[in-house]
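Colleague: Generate a structure from the sequence data that follows.
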Amino acid sequence: MYHDMVIKRTDQSHRQAGARMKHRCLIKWLLILSGIGLVGNANACEYPPPPEFAKIAATATRVFVFRVMGLKVREQSVPGTDGNTNYSIWAEADVLVQKTFRGETANVTTVRFYNGYCGGVNLLIGHHYLIASNQTGETVELAPGDRSLGDVDPLYDPTLTGTKNLESNKYVIATGDALDGKQLFDSVLDDAAYRSLATVAPPPEIKIVTEPCKPKPKPTVTKPVINKKPLKK
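Modeller: Numbering: from 1, shown residues only. A predicted model of the protein is given here:
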């Protein structure tokens, strides 16, 4: 009876293992399919190559640091060709210029940008941004996926972001060195400075399964051999 019980438990464990394997396979395929969907959406999103700080800072008419003091949404109705009304929607940041490296920036008050999932830019209240631009006027308009600016407060602490602390900011120091020819502009902003600008996280890496999931083979249970010997009289 004990031997029969062991065999039944072994069969039950195998069935449970098979169910777990099927469950893992299902999850794996669902992750793959959802990943393909993410990649598909990402591939469908297209916009021109954005401006980059490293490429334009050397000749830009304006290089400065601004702080975001407020954010607001703007929208404008646009008559559609089908008779319906469409809307153009964008975001605006009220900014305060706090350090100027080059150009006239006293009149800059607004940074306009799009913050949707495709090419959107994300600006955060209170943060300082280093930007290089050839635009004039009081409003600076960012391009889709714009990389002409970077967040110089990647580790934001409201108590340590006053104007006087900008002089010790590593990005500010690097910009001054680049303008003086002591280093290259492509080493001024790093990945941390660009991280907070993204409106959505990049899709995860998709690993394609080359072989379908197969359940493990059923273990072979060998019944013990019992040698029956005649009882001695």
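Colleague: Report the contact partners of Gly70.
Modeller: Ala93, Asp94, Ile125 (Cβ atoms under 8 Å, 6 or more residues apart in numbering). Bear in mind the C-beta positions are built from the backbone N, C-alpha and C, glycine included.
Colleague: Swap in 10 Å and give it another go.
Modeller: Glu92, Ala93, Asp94, Val95, Leu96, Ile125, Gly126 (Cβ atoms under 10 Å, 6 or more residues apart in numbering).
Colleague: What strands line up against the strand or helix carrying the first one, and which way round?
Modeller: Taking DSSP states H and E as the definition, Glu92 sits inside strand 85-102. Partners of strand 85-102 in the sheet, by DSSP bridges, are strand 62-79 (antiparallel), strand 110-113 (antiparallel).
Colleague: mean confidence for the last one?
Modeller: Predicted confidence along strand 110-113 averages 97 (mean pLDDT).
Colleague: Over to the longest one?
Modeller: In this model, strand 62-79 has a mean pLDDT of 93.
Colleague: Could I get the buried residue list for it?
Modeller: Arg62, Val63, Phe64, Val65, Phe66, Arg67, Val68 (16 or more other Cβ atoms under 10 Å).
Colleague: mind checking pLDDT for the residue nearest to Leu71 when sequence neighbours are not counted?
Modeller: Counting by Cβ to Cβ, 6 or more residues apart in numbering, the nearest residue to Leu71 once its immediate chain neighbours are dropped is Ala93, at 5.5 Å. On pLDDT, Ala93 comes in at 97.
Colleague: beta partners of Ala93?
Modeller: Leu71, Val111.
Colleague: That one is in contact with Gly126, isn't it?
Modeller: No - using Cβ atoms under 10 Å, Ala93 is not in contact with Gly126, being 11.1 Å away.
Colleague: right, and Ile56 touches Arg102 too?
Modeller: No - in this structure Ile56 lies outside contact range of Arg102 using Cβ under 10 Å: 11.7 Å.
Colleague: Looking at the two, which has the bigger crowd around it?
Modeller: Ile56 (18 against 15; other Cβ atoms under 10 Å).
Colleague: Leaving out sequence neighbours, find the closest residue to that one.
Modeller: Closest to Ile56 by Cβ to Cβ, 6+ apart is Ala132, at 5.1 Å.
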